[in-house]
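# I'd like to go over a predicted model; first the sequence, then the structure.
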Amino acid sequence: MGIWKVIPGVLLVAFNLTLYLLLDRQHRNIVAETRIKAESVAVLLEVAVSEFIEGTQRTLTGLTHLVMASGVMDNKAEEERVRFFMAERRRASPSLTAILAFDTQGNLRLHSEDASFASTNVADRPYFQYHQHTPDLSPLLGPALRNRSSGAWVVPISQRIESEDGRFAGVMVTGLSPKHFVGLFESLASSDYLVITMRHADGSVLASFPSLTTAENIPAPVMGENAVVVRRHSSRYPLVIEVGADLDKRLSDWRHDRDMSVILALAGSLVIVVGAGLLNQAASRRRQFVDDLAQANTLLEQRVEERTKELKSAFNRLNGFLGVARDAVVIIDKIGTIEEFNPAAEAMFGYAAPEVVGKSINMLMPESYAASHDRYIAHSQASQAAHKVGGGREMVGRRKDGSEFPIELTVGTHRDGEAFSHVGVIRDISERKQAEAKLTLLATTDGLTGLLNRRAFMEQATRRLADTTGQPAAVMMIDADHFKRINDTYGHDAGDRVLRHLADILRDCARAPDLVGRLGGEEFAFLLPQAPGDSATRVAEQILERVRACVVPLEKGDSLTFRVSIGMVSGAPAMGIDEFLSRADKALYQAKSEGRDRVVRLDGQDTPI
């Protein structure tokens, strides 16, 4: 009889302990799965939001440089051309509310919208006051504010505009609608227990999901006390991504299962206690009890298996997202062997996945990059934790046909024990590079003559003189004689033709190392960085002869001729372009005084030669 007193107690403890361990395991799996999902969503959102803002800032920076190079804030001559590029970039980026340029007083100067668009003064806006007093050309991402015309909330991105001498000339600004971010949040928050908040570094809310935006503010969603919160700080921008998971909602099914299990445990315990007093039926009741316990254990194991499948499904959805991503995704092991190659990577590099899986990642890059990439992999292996590497590192990729193209690479490294995984997100930036080159050309070229504009000439001349040693240099200032009389007599179109013909002559007379630019109006500058002996004088005389022989055709069969005066100074390159131009201007004034249509040359001490 002693054994029957011990057995019921042992069975009771074993049963309840097993039930508790199973429920606790299930609880911990659900919490871990929830945290992993919140972390995955936070990482994806931080990458997606940062890349979107980076693209917007590149657009704004390109337009700001175009506005500064054209001088349109003080001169309306280039206004239509600049408006055209602003409108083109606005149409190419529908997520932007508008692209605006304000003058030094905060009044609207240029915009990307139609003629009916109007804007109030923004001199009191924080972003305007920041750029007004901060001599920094970097773009600024500001807190959300309300549009005074439409009343809608926008997230401003702004940049300082400067004049040629570095003074404050205005502010270029565009706005991002919080609704764009809400749509992105909604696409990733597939579960009703997830809430997402994007904050500015100052703590203010920029966008949230579920969206609770009102006319007065953008509040953050409210989470219960029992919640998992993951915060991801952007490495490039003043942003914080918060992903919260309400564990009360997430554990509702588990709590129901737990209550049922407790009831089952109580019932089983009652059966054991009653069975202890009924020794005559101990054997049959013991078998029934074992059967009930097995059934309960099977039910709990099924629940655990279902939760495990849900966790696996969450990771599969993440892999599915990468499978349909527009950017190429390549995963390699610790020695650089390709393990995964998504469809976007196949389209970008021209390889099918079976052609590259199991081979070195070096086959996707030129040989000049392969050595540095091997060093990067070795450095990553020395790290002891998962980390993100490179905020959009630019390099060169190589397709299957051998052609090379520019790419932007973002790499994440993960370590699990002794195993390493490097995940690379690759974007083809060929179109962006072409657009940047086009904007650079527009920002450095005079629109009428095709020569370097003043700013570009000064910058390139400074570098050219710094690289010139051992030989004297010369600078010429060329000015069209009686140019106002030509405009007054024949019209400004005829004057433009004269300037274009003069620009063609200067371009033809320039040697390989020489620079030619239009400084403004009818005034041109000509740098000869290597001008030994009388070589510079021969070039000047050649220009005079070409101009004297030039006949400019006009409309209706008419034509005209023109003359130029040239002031030239020679000296050591260390004199600097500003001093060269100042002395060449004196020589030009002397040439004008002596009757025009001639060249006057001075040495480094302003002595006629």
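Looks like it arrived, so ask away. Numbering: from 1, shown residues only.

# in the stretch 501-609 of the chain, which spans are strands?
515-520, 523-528, 552-553, 559-560, 564-571, 599-602 (DSSP state E, counting those that start in this stretch).

# Of all these, which one is nearest residue 437?
strand 515-520 (19.5 Å; CB to CB). Where you see a C-beta, it was placed from the backbone N, CA and C, and this is true even at glycine.

# Can you give the distance from that closest one to the centre of its chain?
In this view, strand 515-520 has its centroid 34 Å away from the chain centroid, taken as CA atoms, centre = their mean, to the nearest Å.

# does residue 222 count as helix, strand or coil?
When classified by DSSP: H, G, I helix; E, B strand; the rest coil, residue 222 comes out as coil.

# Next, give phi and psi for it.
Torsion angles at residue 222 (phi, psi; degrees, to the nearest 10) stand at phi -90, psi 130.

# what number of residues lie near it?
By other CB atoms under 10 Å, the residues close to residue 222 number 10.

# next one: the one 3 residues further on
Other residues near residue 225 come to 7 when the count uses other CB under 10 Å.

# can I assume it sits in a strand?
No: counting by three-state DSSP, residue 225 is located in no strand; its state is coil.

# Run through the residues that contact residue 559.
Residue 559 sits next to 551, 552, 553 when contact means CB atoms under 8 Å, 6 or more residues apart in numbering.

# Grab the most central residue of the protein for me.
For the chain, residue 54 is the residue whose C-alpha lies nearest the centre (CA atoms, centre = their mean; 2.0 Å).

# ok, back up a step: tell me which of the strands of the stretch 501-609 of the chain sits nearest to residue 211.
Per CB to CB, nearest to residue 211 of these: strand 515-520, 52.2 Å.

# so which of the strands of the stretch 501-609 of the chain comes closest to residue 123?
Among those, the nearest to residue 123 by CB to CB is strand 515-520 (30.4 Å).

# That closest one - contacts with which helices or strands?
helix 454-466, helix 492-509, strand 523-528 (3 or more CB pairs under 8 Å, 6 or more residues apart in numbering; DSSP states H and E).

# one more time with 6 Å
Applying 3 or more CB pairs under 6 Å, 6 or more residues apart in numbering; DSSP states H and E, one finds that strand 515-520 contacts helix 454-466, strand 523-528.

# Same question for residue 150, what's its three-state structure.
coil.

# residues in contact with it?
Contacts for residue 150 (CB atoms under 6 Å, 6 or more residues apart in numbering) come out as none.

# Also residue 350?
So residue 350 contacts 399, 400 (CB under 6 Å, 6+ apart).

# Provide the backbone phi and psi angles at it.
For residue 350, the backbone dihedrals (degrees, to the nearest 10) come out as phi 80, psi 0.

# And for residue 262?
Torsion angles, degrees, to the nearest 10, at residue 262: phi -60, psi -40.

# same check, this time on residue 511
With angles defined as degrees, to the nearest 10, residue 511 sits at phi -90, psi 180.

# State the distance from it to residue 526.
10 Å (CB to CB, to the nearest Å).

# hmm, back to that, in JSON lines: the helices and strands packed on strand 515-520, plus mean neighbour count, mean pLDDT and distance to residue 409.
As requested, the helices and strands packed on strand 515-520 are exported to JSON lines (neighbours: other CB atoms under 10 Å; pLDDT from 0 to 100; distance: least, CB to CB, whole Å):
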{"stretch": "helix 454-466", "mean neighbour count": "17", "mean pLDDT": "94", "distance to residue 409": "30"}
{"stretch": "strand 523-528", "mean neighbour count": "24", "mean pLDDT": "96", "distance to residue 409": "40"}
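
# Same list (these) but as TSV, adding distance to residue 264.
Below are these laid out as TSV (distance: least, CB to CB, whole Å):
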stretch	distance to residue 264
helix 454-466	82
strand 523-528	93
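
# Most neighbours among the contacts of residue 559, which one?
residue 552 (19 neighbours).

# Just the pLDDT for that one.
pLDDT, residue 552: 96.

# so where's the stretch 301-450 of the chain shaky on pLDDT?
Residue ranges of the stretch 301-450 of the chain with pLDDT under 70: 304, 308, 311, 314-325, 374, 376-392, 414, 416-420.

# Helices of that one, start to end?
343-349, 353-356, 367-381, 430-444 (DSSP state H, counting those that start in this stretch).

# What of the stretch 151-300 of the chain?
Assigned by DSSP H, counting those that start in this stretch, the stretch 151-300 of the chain shows helices spanning 178-188, 247-250, 252-277, 282-323.

# Is it possible to get the ones you listed out as CSV so that each row also shows distance to residue 530 and mean neighbour count?
Formatted as CSV, those follow (distance: least, CB to CB, whole Å; neighbours: other CB atoms under 10 Å):
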stretch, distance to residue 530, mean neighbour count
helix 178-188, 55, 18
helix 247-250, 75, 18
helix 252-277, 82, 15
helix 282-323, 56, 14
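
# ok, now which ones touch residue 495?
Shown in contact with residue 495 (CB under 6 Å, 6+ apart): 486, 487.

# just residue 196 next, same as before
Counting by CB under 6 Å, 6+ apart, residue 196 has contacts 185, 189, 209, 243.

# Same question for residue 62.
So residue 62 contacts residue 439 (CB under 6 Å, 6+ apart).

# what about stretch 99-107, start to end distance?
Using CA to CA, to the nearest Å, one end of stretch 99-107 lies 14 Å from the other.

# Show me what that stretch is in contact with.
Applying CB under 6 Å, 6+ apart, the external contacts of stretch 99-107 come out as 67, 86, 90, 108-112, 121-123, 128, 170-174.

# So for residue 584, which of the helices of the stretch 301-450 of the chain sits nearest?
Using CB to CB, the nearest of the helices of the stretch 301-450 of the chain to residue 584 is helix 430-444, at 21.7 Å.

# Check which residues of that closest one are buried.
432, 435, 439, 442, 443, 444 (16 or more other CB atoms under 10 Å).

# Kindly report the same for stretch 475-486.
Buried-residue list, stretch 475-486, by 16+ other CB under 10 Å: 475, 476, 477, 478, 479, 480, 481, 483, 486.

# Next: stretch 556-564.
562, 564.

# How far does it stretch from one end to the other?
For stretch 556-564, the first-to-last residue distance is 25 Å (CA to CA).

# pLDDT on that stretch, on average?
93.

# Can you get me the start-to-end distance on stretch 213-230?
Start and end residues of stretch 213-230 are separated by 22 Å (CA to CA).

# related to what we said a few turns ago, for the residue nearest to the centre of the chain, identify the helix or strand it belongs to.
helix 2-70 (DSSP states H and E).

# Can you check what angle separates that helix from helix 454-466?
Here helix 2-70 points in a direction 90 degrees away from that of helix 454-466 (axes from the mean of the first three to the mean of the last three CA atoms, to 10 degrees).

# Contacts only, for residue 430.
Counted by CB under 6 Å, 6+ apart, residue 430 has contacts 405, 406.

# now swap in residue 499 and tell me
Contact partners of residue 499, counting by CB under 6 Å, 6+ apart, are residue 449.

# That one and residue 449, how far apart?
6 Å.

# again, but for residue 69
Residue 69 is 15 Å from residue 449, where distance means CB to CB.

# Kindly report the same for residue 113.
32 Å.

# Which of the two has more residues huddled nearby?
More crowded of residue 113 and residue 449, by other CB under 10 Å: residue 449, with 21 against 16.

# Leaving out the residues flanking it, which one is nearest to the more buried one?
With sequence-adjacent residues excluded and distances taken as CB to CB, 6 or more residues apart in numbering, residue 449 is closest to residue 503, at 3.6 Å.

# Repeat that for residue 396.
residue 404 (5.2 Å).
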